[in-house]
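Undergrad: Following is a predicted model, sequence given first.
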Amino acid sequence: MSEAVIALGTNLGNRIENINTAVRAIARLSGVEIKKASGVYETEPVDCEEGDRFYNAAILVETDVSPALLLGECLGIEAAMGRVREKRNAPRIIDLDLILYDGFKSESFELTLPHPRALERAFVMAPLLELYPSGRAPGMFFGPHLRDIGTDGVVKTEKEIIIPIY
């Protein structure tokens, strides 16, 4: 089994329900078990001019599926929830990003791991720090980067991710 982190983001509709709907769908995937969830953070949109503020979170999963298959499953969940990819950084009902996969490295058009912009985004690293309090995850040492960019505008909410048990 391998560890992977999936980041979740949404700025349309009922944002906490969007996140929990995606988490329920991930929990139903064959070969994937959710081990831990971060809190939910509210953040200003980055390079996204429309829609509400974002809710962002992350989940740690154990899986025996490949990184490419896990990413494909996440894209399928996005589509099933109504995500339309008309233009880059458009408002979205759900965004599921595979951030890391047990130290696996890849640089291709289809899959880049660790996620190429994770270390530039406090809204990714703040939830990641809850999953890995040391600032060190498999294949990624992100603690110093979070200190460098800061967490201004990244506010933890009282909302919670509900991890279903199937």
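TA: Received, thanks.

Undergrad: for the chain, which spans come out with low pLDDT?
TA: For the chain, the stretches with pLDDT under 70 are 46-51, 88-89.

Undergrad: Okay, helices next: where are they in it?
TA: Along the chain, counting by DSSP state H, helices occupy 15-27, 67-80, 122-131, 143-149.

Undergrad: And these: which comes nearest A7?
TA: When the helices of the chain are compared for distance to A7 using CB to CB, the nearest one is helix 122-131, at 5.3 Å. In this view, the C-beta of every residue, glycine as well, is placed from N, C-alpha and C.

Undergrad: What are the contacting residues of the closest one?
TA: Where contact means CB atoms under 8 Å, 6 or more residues apart in numbering, the residues beyond helix 122-131 that reach it are 5, 7, 9, 36, 38-39, 41, 43, 46, 54, 56-60, 97, 99, 115, 117-119, 135, 137, 142-143, 145-146, 149-154, 156.

Undergrad: before we move on, back to that, for the helices of the chain, which one ends up most surrounded?
TA: Neighbour counts averaged per stretch over the helices of the chain are highest for helix 122-131, at a mean of 22; criterion: mean count of other CB atoms under 10 Å.

Undergrad: So which residues make contact with stretch 77-88?
TA: Contact with stretch 77-88 is made by 18, 21-22, 25-26, 47, 90, 92-96, as judged by CB under 8 Å, 6+ apart.

Undergrad: Which among the contacts of helix 122-131 count as buried?
TA: Restricting the contacts of helix 122-131 to buried positions leaves 5, 7, 9, 36, 38-39, 41, 43, 54, 56-60, 97, 99, 115, 118-119, 135, 137, 142-143, 145-146, 151, 154, with burial counted as 16 or more other CB atoms under 10 Å.

Undergrad: can you give me how far stretch 64-78 is from the chain middle?
TA: In terms of CA atoms, centre = their mean, to the nearest Å, the centre of stretch 64-78 is found 13 Å from the chain centre.

Undergrad: Equivalent analysis for stretch 115-128, please.
TA: For stretch 115-128, the distance to the chain centre is 9 Å (CA atoms, centre = their mean).

Undergrad: Can you get me the start-to-end distance on it?
TA: Taking CA to CA, to the nearest Å, the first and last residues of stretch 115-128 lie 12 Å apart.

Undergrad: again with stretch 57-70
TA: Stretch 57-70 has its terminal residues 18 Å apart, counting by CA to CA.

Undergrad: Give me the distance from it to the chain's centre.
TA: Relative to the centre of its chain, stretch 57-70 is centred 11 Å away, using CA atoms, centre = their mean.
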